[in-house]
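> Let me see the structure of the following:
(one chain, ligands or ions: 1)
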Amino acid sequence: MGLIPGQRVYVAGHRGMVGAAIVRKLQAEGFNDIVTRTHHELDLTNQAAVSDFFATEAIDNVVLAAAKVGGIHANNSYPAEFIYQNLMIQANVIHGAYKKGIKDLLFLGSSCIYPKLCPQPMAEESLLSGYLEPTNEPYAVAKIAGIKMCESYNRQYGTRYLSVMPTNLYGPGDNYHLENSHVIPAIIRKYHLAKLASERDLESIQDDEKKYGAIPADIKKGIGLSADSTSLLPQQEPKVVLWGSGRACREFLHVDDMAAACLHVMKNWSPAADAPSFLNVGTGVDATIGEVAEQIRRIVGFTGETVYDASKPDGTPRKLLDTRRINDQGWQPFFSLDAGLKNAYEWYLQH
Ligand SMILES: NC(=O)c1ccc[n+]([C@@H]2O[C@H](COP(=O)([O-])OP(=O)(O)OC[C@H]3O[C@@H](n4cnc5c(N)ncnc54)[C@H](OP(=O)(O)O)[C@@H]3O)[C@@H](O)[C@H]2O)c1
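Residues are numbered from 1 along each chain as shown. This next block holds a predicted model:
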């Protein structure tokens, strides 16, 4: 069937970065009958609660953007939570939708499903062709299970359960807590704080810390902020310290482009019932972290020094998705990296 006007769409994870962008996009396209539940209202790991929810709500289409998500540190520290919660959320929502007779569902996966030593750019055919990156293997295994669950239901039950594998996302709704943020929000915040320090605007630094969480000690040191955030050291030129060499290549997609891709796929893509039902979503273009940082530095307007701490790991040298399949389906991203970064910085300043 697909996504068609007038449908009642359940967006699981609507307060998350991706779920919120999908809700905005659905609303912009005239889908006003959107069903949402917070984690507190409906714990998707609870099979009975999810089953009751589907039994009582009339829903035509499901977007599964709820997941336990985190960076390397969280994945490494809490592997059991990552595999358990994601498997449960997926299994409950996918099976609940099927039991209710819902034909259409979109599952959000991740590019970490591909093997650690995957040829670049990473094509859909590379799934299950090698060992996964050990640090997030439990999370990746759950995501692969989600894809395979959708494909199995399509094959056996004739559903149209599709999956999309986003590259690194950034934009409105991103997490700016420096302890666990992704690359782009971390760099944006570091440059912004350094700019405020060079303007000796202590009040705005303190406001930023209240809004976006504690500033780690090494960043305070770099910008000359006292340990208790109450003063700026005199005569210190603020500098920004970035992790790694700056030479690792990464791909970044604006979250509004991701939302647009989700709707495009839901409306237009109907793979055969026995064919793979997942697509990569990215820009198909990567840049070095150093290049991205330089773009952000210019947008933020920081004129001081940037230092690369090469003692910190770079991670995989290159990670880029092969996006030819989704491009062949008629989808292209709208935002250039520059325009997307400007938009992300504006959101950061306003929230
Ligand atoms: N952000 C990225 O760069 C990126 C990249 C690739 C793939 N993805 C994928 O995109 C999806 C969404 O990611 P995101 O960045 O939007 O994550 P996010 O901001 O952390 O949001 C996750 C959402 O899931 C909900 N949730 C988590 N556990 C739940 C539970 N047990 N019951 C009900 N709701 C629960 C949360 O609800 P509450 O807000 O109510 O707590 C939250 O709204 C994930 O599948 C992720 O793997 C994201």
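> Every contact and neighbour count from this point should use C-alpha atoms.
Will do.
> what's the weakest-modelled helix or strand in the chain?
Lowest by mean pLDDT, DSSP states H and E among the helices and strands of the chain is helix 72-77, with a mean of 84.
> elements contacting the next helix or strand after that one?
Going down the chain from helix 72-77, the next helix or strand is helix 79-99, by DSSP states H and E. With contacts defined as 3 or more Cα pairs under 8 Å, 6 or more residues apart in numbering; DSSP states H and E, the packing partners of helix 79-99 are helix 47-56, strand 61-64, helix 137-157.
> Flag every buried residue along helix 79-99.
Buried residues in helix 79-99, counted by 16 or more other Cα atoms under 10 Å: 82-83, 85-98.
> tell me, which of those make contact with the ligand?
Contacts with the ligand are made by none of the buried residues of helix 79-99, judged by Cα under 6 Å from any ligand atom.
> Name the nearest of the residues you listed relative to Gln236.
Phe82 (42.3 Å; Cα to Cα).
> so what's the closest one scoring on pLDDT?
Phe82 is assigned a predicted lDDT (pLDDT) of 96.
> surely it meets Ala140?
No: Phe82 lies out of contact with Ala140 (Cα atoms under 8 Å); the separation is 9.3 Å.
> just to revisit the earlier point, may I see the buried residues of the least confident helix or strand of the chain?
Neighbour-count burial for helix 72-77 flags Asn75, Asn76 (criterion: 16+ other Cα under 10 Å).
> Please report how far the nearest residue to Ala67 once chain neighbours are set aside lies from Gly158.
Nearest residue to Ala67, sequence neighbours excluded (Cα to Cα, 6 or more residues apart in numbering): Asn86, at 5.7 Å. Asn86 sits 24 Å away from Gly158, taking Cα to Cα, to the nearest Å as the criterion.
> hang on, the earlier thing: run through who's touching the least confident helix or strand of the chain.
If you take Cα atoms under 8 Å, 6 or more residues apart in numbering as the criterion, helix 72-77 is touched by Phe82, Thr135, Asn136, Tyr139, Asn180.
> Is any residue of it near the ligand?
No: counting by Cα under 6 Å from any ligand atom, the ligand has no neighbours in helix 72-77; the shortest distance is 11.9 Å.
> how much distance is there from that helix to the middle of the chain?
Distance of helix 72-77 from its chain centroid, counting by Cα atoms, centre = their mean, to the nearest Å, is 16 Å.
> before we move on, what about stretch 121-128?
The answer for stretch 121-128 is 19 Å, by Cα atoms, centre = their mean.
> Need the distance between the two termini of that stretch.
Start-to-end, stretch 121-128 (Cα to Cα) is 16 Å.
> quick one: buried residues of it?
By neighbour count on 16+ other Cα under 10 Å, the buried set for stretch 121-128 is Met122, Ala123, Glu124.
> I'd guessed the first one sits against Leu320; true?
Yes: under the contact definition of Cα under 8 Å, Met122 touches Leu320, with a separation of 6.2 Å.
> highest average neighbour count across the helices and strands packed on helix 79-99?
The highest mean neighbour count among the helices and strands packed on helix 79-99, using mean count of other Cα atoms under 10 Å, belongs to strand 61-64: a mean of 24.
> Can that one be said to contact the ligand?
No: for strand 61-64, no contact with the ligand is found by Cα under 6 Å from any ligand atom; the gap never falls below 7.4 Å.
> can you check stretch 280-294 too?
No: shown here: stretch 280-294 not in contact with the ligand (Cα under 6 Å from any ligand atom), separated by at least 9.2 Å.
> All the helices of the chain, residue numbers only.
17-28, 47-56, 72-77, 79-99, 137-157, 183-198, 202-212, 217-223, 255-268, 289-300, 324-328, 337-350 (DSSP state H).
> okay, now Lys211: neighbour count?
Number of residues near Lys211 (other Cα atoms under 10 Å) recorded here: 12.
> Would you mind naming what in the chain lies close to the ligand?
13-19, 38-39, 42-45, 65-69, 108-110, 166-169.
> Closest to Tyr131 out of the buried residues of stretch 121-128?
Met122 (14.0 Å).
> For the residue lying closest to Ile102 once chain neighbours are set aside, give me phi and psi.
Excluding the flanking residues, the one nearest Ile102 by Cα to Cα, 6+ apart is Asp60, at 5.9 Å. When read as degrees, to the nearest 10, the backbone of Asp60 gives phi -100, psi -30.
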